[in-house]
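>>> the following comprises the amino acid sequence and a computationally predicted model.
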Amino acid sequence: MDNRNTATDNETTNTHLNITVVGAGIMGSGIATSLLRSGIKTTVWNRTIEKAEHLAALGARVEPDPRKAIAGADAIFVVLFDGDSVMGFLESTHDAARSDALWVQTATIGVDATKRVATFAEEKHINLVETLMMGSKLQAEEGSLILLGGGEKAYFEKLAPVWHAISKKLVYCGEKVGDGTVVKLACNSWVATITSAAAQAIALCQAYGLDAQLFLDSIEGATSDSPYAHIKGEKILTDEFSAQFSLAAVCKDLGLINQAAETAGVGTAIIDAVESTYQKALAEGHENEDLSSVYFALKSRKGDH
């Protein structure tokens, strides 16, 4: 389903919605920006409140008290880093939310943590869905994310204006909270693998004294071409590693992918090699850079041949 729409079209119908975004990192800030642009009342909470203050200039209510931040919200978007953070926030604040509020879990926290969150939500009669996000900083700010949904379908229909505001497509993965997580892990395994493969190809060309742009030019238009390889390849070639998807985050996700694969009996030979390579770049100090900085774990130390 194409979720694109204009702020002008939605502004009148969106003003009745009251959304809280929990977490003002790269993705949380981007989501809040898109919601505000579409005329949706948005409250933002972040553990370090100073990191959310830039959103006040866009019209957000920045609330330092997490319980006050979610009180009265129609929907609460949880955009935190890992399972412990999501679970901790839910446990400490859920009773401050409206009984009919919809909690939207967006973080890539893995299969096991998602089961814990879903079980807790069921026990406490919390309305919960998940919408895992495909895209990075630019797509979040533009409202062009791809969302991977899991949970009761009726809940998704209630927030149609929100999906229009923050995404270009919502892929409904199944009625169980956790179905979207599995698809997101599969997608991130592909993202991490194709980025490291592009870095490997660039490093190989450079090691033999060739312009690595030749690699990108050669795959362009071929059946094996990938826009993502060009995006990450250009970052490597221009030595521009500002984080769209940080190396630390992809290392966290690779661990979750490996766990999920092992639990399901899926072979892990490829993901083992990919994870090991990213971990090497992490150990070299690139954790806050873009995942394309995996290149530094692959480039030749021997000089030109």
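Thanks, I have it.
>>> give the buried residues for the longest helix anywhere in the chain.
Among the segments of the chain that qualify as a helix by DSSP state H, the longest is helix 179-207. By neighbour count with 16 or more other CB atoms under 10 Å, helix 179-207 contains the buried residues 179-185, 187-189, 191-193, 195-203, 205-207. Just so you know, the C-beta spots here come from the backbone N, C-alpha and C atoms, and that holds for glycine as well.
>>> tell me the mean pLDDT over it?
In this model, helix 179-207 has a mean pLDDT of 98.
>>> distance from the chain centre to that helix, please.
15 Å (CA atoms, centre = their mean, to the nearest Å).
>>> after that helix, which helix or strand is next?
helix 213-219 (DSSP states H and E).
>>> what does the following helix or strand past that next one contact?
Once the chain leaves helix 213-219, the next helix or strand it forms, by DSSP H and E, is helix 227-237. Helix 227-237 is touched from outside by 191, 194-195, 197-199, 202, 212-213, 215-216, 219-220, 240-241, 290-292, 295, with contacts defined as CB atoms under 8 Å, 6 or more residues apart in numbering.
>>> phi, psi for A212 please.
phi -70, psi -10 (degrees, to the nearest 10).
>>> for it, grab the count of nearby residues.
20 (other CB atoms under 10 Å).
>>> got it, and T93?
Other residues near T93 come to 20 when the count uses other CB under 10 Å.
>>> so S38 touches H164, yeah?
Yes: counting by CB atoms under 8 Å, S38 touches H164, with 7.2 Å between them.
>>> for the spatially most central residue of the chain, which non-adjacent residue is spatially closest?
The geometric centre of the chain, computed from its C-alpha atoms, lies nearest to M133 (CA atoms, centre = their mean), at 4.5 Å. Once flanking residues are discounted, M133 sits nearest to L145: 5.1 Å by CB to CB, 6 or more residues apart in numbering.
>>> my read: the one you found touches S167, true?
Yes: judged on CB under 8 Å, L145 makes contact with S167 at a distance of 4.4 Å.
>>> what sits in contact with each of the two?
Common neighbours of L145 and S167 (CB under 8 Å, 6+ apart) do not exist.
>>> where along the stretch 51-200 of the chain do the helices fall?
66-70, 83-93, 110-123, 137-142, 153-158, 160-166, 179-207 (DSSP state H, counting those that start in this stretch).
>>> give me the neighbour count for the closest residue to M134 other than its chain neighbours.
Beyond its immediate neighbours in the sequence, the residue positioned closest to M134 (CB to CB, 6+ apart) is I146, lying 3.9 Å away. Using other CB under 10 Å, I146 is surrounded by 17 other residues.
>>> do the one 4 residues further on as well
Here the neighbour count serves as a burial measure; for G150 (other CB under 10 Å) it reads 27.
>>> show me what it bridges to in the sheet.
E130, G174 (DSSP bridges).
>>> what residues are up against it?
V129, E130, L132, C173, G174, E175, K176, V177, G178, D179, G180, T181.
>>> and the residues you listed, which are buried?
Looks like the contacts of G150 have V129, E130, L132, C173, K176, V177, G178, D179, G180, T181 buried, using 16+ other CB under 10 Å.
>>> columns distance to K153 on top of those residues, output as CSV?
Converted to CSV, the buried ones among the contacts of G150 look like this (distance: CB to CB, whole Å):
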residue, distance to K153
V129, 9
E130, 13
L132, 16
C173, 11
K176, 11
V177, 12
G178, 15
D179, 12
G180, 12
T181, 17
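>>> and of those residues, the nearest to R301?
L132 (37.4 Å; CB to CB).
>>> leaving out chain neighbours, which residue sits closest to the closest one?
Looking at L132 with CB to CB, 6+ apart, the closest residue is K184, at 3.7 Å.
>>> for F81, see how far away the one you found is.
15 Å (CB to CB, to the nearest Å).
>>> likewise for W163?
With CB to CB as the criterion, W163 and F81 are 23 Å apart.
>>> ditto for R116
Taking CB to CB, one finds R116 at 16 Å from F81.
>>> repeat that for P161.
To F81, P161 is 27 Å away according to CB to CB.
>>> and the two? Which one has more around it.
The neighbour count for P161 versus F81, taken as other CB under 10 Å, is higher for P161 (23 against 15).
>>> ok, the nearest residue to V250 once chain neighbours are set aside - how many residues close by?
Once flanking residues are discounted, V250 sits nearest to L291: 4.4 Å by CB to CB, 6+ apart. Neighbours of L291 under the rule other CB under 10 Å: 30.
>>> quick one: contacts for L291?
Taking CB under 8 Å, 6+ apart, we find L291 in contact with V191, A192, T195, K232, Q244, F245, S246, L247, A249, V250, Y278.
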